[in-house]
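**Q** attaching a predicted model along with its sequence, questions to come.
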Amino acid sequence: MKKLFVLLVAAMFSLESLADEGMWLPSLISSRMKDMRSKGFRLTAKDIYDINSASLKDAVVLFGGGCTGELVSAEGLLLTNHHCGYGAIQRLSSVEHDYLTYGFWAMSRAEELPCEGLSVSFLVRMEDVTARLAAGEERKAIIDAAAAEGKGFHASIEDMYYGNQQFLFVYRSFNDVRLVGTPPSAIGKFGGDTDNWMWPRHTGDFSVFRVYADKENQPAAYSPDNVPYRPARHLPVSTKGISEGDFTMIYGFPGNTQEYVLSDAVDYIADVSDPMKIALRTKRLDIISAAQERDPGTRIQYAAKHAGIANAWKKWQGEVLGIRRLGTADKKREYEKRFAAWAADKPQYASLLDSMHAAYGRQKENYYLYELYAETLMTLEMPQMAERILKIKEENGDVAAKMARYYRDFDASIDRALAKAMLAEFVGRIPQGRMPQALADKIAQYGSADAYVDHIYDTSLAADAATAAEVTAEDPAAEFRSMVTANYPREYRARNLSDLKDIKRWYGPYLKALMEWDTERAFYPDANLTLRVAYGSVAGYEYADGEYHRCNTTLDGIIAKDNPEIYDYNVPQSLRDAWAAKDYGRWGCVINGKLTVPVCFIATNHTTGGNSGSPIINGRGELVGINFDRTWRSTMSDVEFDPAICRNISVDIRYVLFVIDRIGGASYLLDEMTLR
Ligand code: ARG
Ligand code: GLU
């Protein structure tokens, strides 16, 4: 009986890992081919990744520091998300040219706008260098040699499976990237923070750029003489659309997952870390929202900050719910028990779990301390600004010019309220014996934490742009900042719960042991911002008992949300007009019996942050959508993927084409795409 149960549980795990879970290394994708083909993929492993001839990987880029983009023409045309292009679009915008509000469309190559500081990186190749490193070759020598292979090349070696494998990634970066077009925020950010992480969704979250190269098609700094980059491969675009059940794969740069962590880590996430971070951010959001409600100017000033704080805040709430619903920690405990039984008579593994549990026992408080600082005292803006001013002065820079953009979106009274709230939280939550003496002294000196904050905000010259240049190291905001950074426990910073100091080293042997023991499980390395393939299918899901969420949304849903009174739902007039006239041109199609335009869809692809902007590709290798989100209740997929509920959200490529063509009036861009 017991044996049968064990077998059943083992079967469950292996089935789950076959059910669309996983972020696979492109160079090893042949191991997944059988499964992919059975689900509708019609191409080969070499079509996905090949170093000898052009493959799909040549059409995918790391966009900026943490998004994905894809090439859709032989002349360097690139698609990514609106929220990925946001920073670049904002920097190009001014009061006279407000591209965020009104959108922008270059009507010729000459009108495209260079984006200073924006670059994209193509993966040239990846290579397993585990054996070379084991044979004594120097990491740095391998990286330097790869970086010297060509113009614009750079390389890194990344650990997979917690160091059981090392891969060399060779990239080629292009720095001349230009904005071609963006819809207005009322399309690109439609639904705003209200709809963020939600389904049904109606956001046209895309923007269009072009990559430029020198005459030899090599990377080059911006020059008017540069010409559009000719990629080895670009994605054809399907205008046929998708239906429920269709195969989809996503090709992109997922940033950070922790699928193999112990139950100790899951308990910490769901019981300690996420709840603390959610509570702290709720406090900050409440303060900012209240100020925004009092003053429309503040609403705009703090919109981006509010969105930034709210994004992870909402994600964590879904993560906690998901982990509890799945019973992830208990499942892991059960799994660990069975592993321990297997390991018991293997000297090299027998004490592994005990060592790891003990290490978590020792390190949890340290990591908590790091997270507490990062979410409270480190977030305060005026102290950060004081620090920045001192740095500018040290470099003999122009304080007024360099600080202008910070002051434009800064309100010292809001920051003071945030400082009071965060200092109180810090003092209330800091573990016994970890309070920095210098901070305790300051609070004692002024009588209370609030009084100390008042002293800082009453007297700091950083509070006002007019006096910013006079800030010195003795300024109370600068002093506060240097005291906080001096005590900030950066040595405990970690990318996730598998990466904690003193714990990290155990995960290598642990995963090696798991692979020996759990031979049915399909292991894939945790996401680490390296190029991956995930695949699944277009699918709705049961949101709640009796409440099924369909897999796609339409323009009619946008109109249904229309409300000029609510900023997030103020539909642009051009869309209202197109809808009223049913003026959809070739992009109209009948969905659920109605002539409309498709807008977004969901699928079972395993994704995470960094996958924003990634191409969603059908079984024939054609672009059908651009990934931009997950549903918030499925965000526990960073820890445990559940095929029943985990869904990624994409903007339907037909909506993208419709907006470029009918709303942007830039139909000439479609001519250079390969439409199928
Ligand atoms: N949730 C998405 C992501 O994690 C989109 C965020 C941008 N959109 C927004 N409304 N804040 O990046
Ligand atoms: N919006 C996220 C990003 O910027 C993707 C959402 C997710 O975490 O899956 O990468």
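**A** Here it is on my side, so go on. Computed from a predicted structure; not experimentally measured. Numbering: from 1, shown residues only. Ligands and ions are numbered 1, 2, ... in the order given.

**Q** up against ligand 2, what does the stretch 501-650 of the chain have?
**A** 607, 608, 609, 610, 611, 612, 628, 629, 630 (C-beta under 6 Å from any ligand atom). All C-beta spots, glycine's among them, are computed from the backbone N, C-alpha and C.

**Q** change it to 5 Å
**A** Taking C-beta under 5 Å from any ligand atom as the measure of proximity, the stretch 501-650 of the chain contacts ligand 2 at 607, 608, 609, 612, 629, 630.

**Q** which of those residues sits closest to residue 263?
**A** Within these, proximity to residue 263 (C-beta to C-beta) peaks at residue 608, which comes in at 21.1 Å.

**Q** now do the SS call for that closest one.
**A** In terms of secondary structure, residue 608 is coil; the call rests on DSSP: H, G, I helix; E, B strand; the rest coil.

**Q** ok, the one 3 residues further on next?
**A** Per three-state DSSP, the local secondary structure of residue 611 is coil.

**Q** name the surrounding residues that touch the helix or strand hosting residue 574.
**A** In this structure, residue 574 sits in helix 573-581 according to DSSP states H and E. In this structure, residues lying in contact with helix 573-581 by C-beta atoms under 8 Å, 6 or more residues apart in numbering are 187, 555, 556, 558, 559, 562, 583, 584, 662, 663.

**Q** you'd agree the fifth one is up against residue 571?
**A** Yes - here residue 559 reaches residue 571: they are 6.6 Å apart, a contact under C-beta atoms under 8 Å.

**Q** in the stretch 351-500 of the chain, what residue lies closest to ligand 2?
**A** Relative to ligand 2, the nearest point of the stretch 351-500 of the chain is residue 496 (13.7 Å; C-beta to the nearest ligand atom).

**Q** element containing residue 210, please.
**A** Assessed by DSSP H and E, residue 210 sits inside strand 207-213.

**Q** any part of that strand near ligand 1?
**A** No - applying C-beta under 5 Å from any ligand atom, one finds strand 207-213 separated from ligand 1 by no less than 12.5 Å.

**Q** so what are the sheet partners of that strand and their directions?
**A** The sheet places strand 207-213 alongside strand 77-80 (antiparallel), strand 176-182 (antiparallel), strand 227-228 (antiparallel), with pairing taken from DSSP bridges.

**Q** follow-up on the earlier one: ok, residue 559 and residue 571, which is more surrounded?
**A** Taking other C-beta atoms under 10 Å, residue 559 and residue 571 do not tie; residue 571 has more neighbours (20 against 16).

**Q** what sits against the more buried one?
**A** Each residue near residue 571 by C-beta under 8 Å, 6+ apart is listed here: 186, 190, 558, 559, 561, 562.

**Q** touching, residue 181 and residue 104? I think so.
**A** Yes - Residue 181 is in contact with residue 104 according to C-beta under 8 Å; the separation is 6.1 Å.

**Q** of the strands paired with strand 207-213, which is nearest ligand 2?
**A** Among the strands paired with strand 207-213, if distance is taken as C-beta to the nearest ligand atom, the winner is strand 77-80, at 10.1 Å.

**Q** quick check: mean pLDDT of that closest one?
**A** Averaging pLDDT along strand 77-80 yields 98.

**Q** next secondary structure element downstream of that strand?
**A** The helix or strand immediately downstream of strand 77-80 is helix 82-92, counting by DSSP H and E.

**Q** give me the buried positions along that next one.
**A** For helix 82-92, the buried set under the neighbour-count rule, 16 or more other C-beta atoms under 10 Å, comprises 82, 83, 84, 85, 86, 88, 89, 91, 92.

**Q** and for stretch 465-479?
**A** Under 16+ other C-beta under 10 Å, the buried positions of stretch 465-479 are 465, 468, 471, 475, 476, 477, 478, 479.

**Q** got it, and stretch 477-490?
**A** 477, 478, 479, 480, 481, 482, 483, 484, 487, 488, 489.

**Q** try stretch 171-189
**A** By neighbour count with 16+ other C-beta under 10 Å, stretch 171-189 contains the buried residues 171-189.

**Q** can I get the CA coordinates of it in CSV?
**A** Output of stretch 171-189 as CSV, limited to C-alpha atoms (Å, rounded to 0.1, in the frame of the first residue of the first chain):
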residue,chain,number,x,y,z
TYR,A,171,26.4,38.0,-27.0
ARG,A,172,26.7,40.7,-29.5
SER,A,173,25.2,44.1,-28.5
PHE,A,174,24.0,46.9,-30.6
ASN,A,175,23.8,50.4,-29.2
ASP,A,176,22.1,52.3,-32.0
VAL,A,177,18.5,51.5,-31.3
ARG,A,178,15.7,53.9,-32.4
LEU,A,179,12.1,54.4,-31.5
VAL,A,180,9.9,53.7,-34.5
GLY,A,181,6.5,53.9,-32.8
THR,A,182,4.5,53.5,-29.7
PRO,A,183,0.7,53.6,-29.1
PRO,A,184,-0.5,56.2,-26.6
SER,A,185,-0.5,55.0,-23.0
ALA,A,186,-4.2,54.7,-23.1
ILE,A,187,-3.6,51.7,-25.4
GLY,A,188,-0.1,50.6,-24.3
LYS,A,189,-0.9,50.8,-20.6
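
**Q** all further residue positions should be reported with the first residue as 475.
**A** Got it, first residue is 475 now, which makes that one stretch 645-663.

**Q** quick one: average pLDDT of that stretch?
**A** Averaging pLDDT residue by residue across stretch 645-663 gives 97.

**Q** that one close to ligand 1?
**A** No - between stretch 645-663 and ligand 1, judged by C-beta under 5 Å from any ligand atom, nothing touches; the nearest distance is 5.8 Å.

**Q** can you tell if that stretch touches ligand 2?
**A** No - with C-beta under 5 Å from any ligand atom as the measure, stretch 645-663 is seen stopping short of ligand 2, the closest distance being 12.0 Å.

**Q** which positions in the chain make contact with ligand 1?
**A** Counting by C-beta under 5 Å from any ligand atom, the chain comes close to ligand 1 at 557, 667, 670, 781, 785, 1103.
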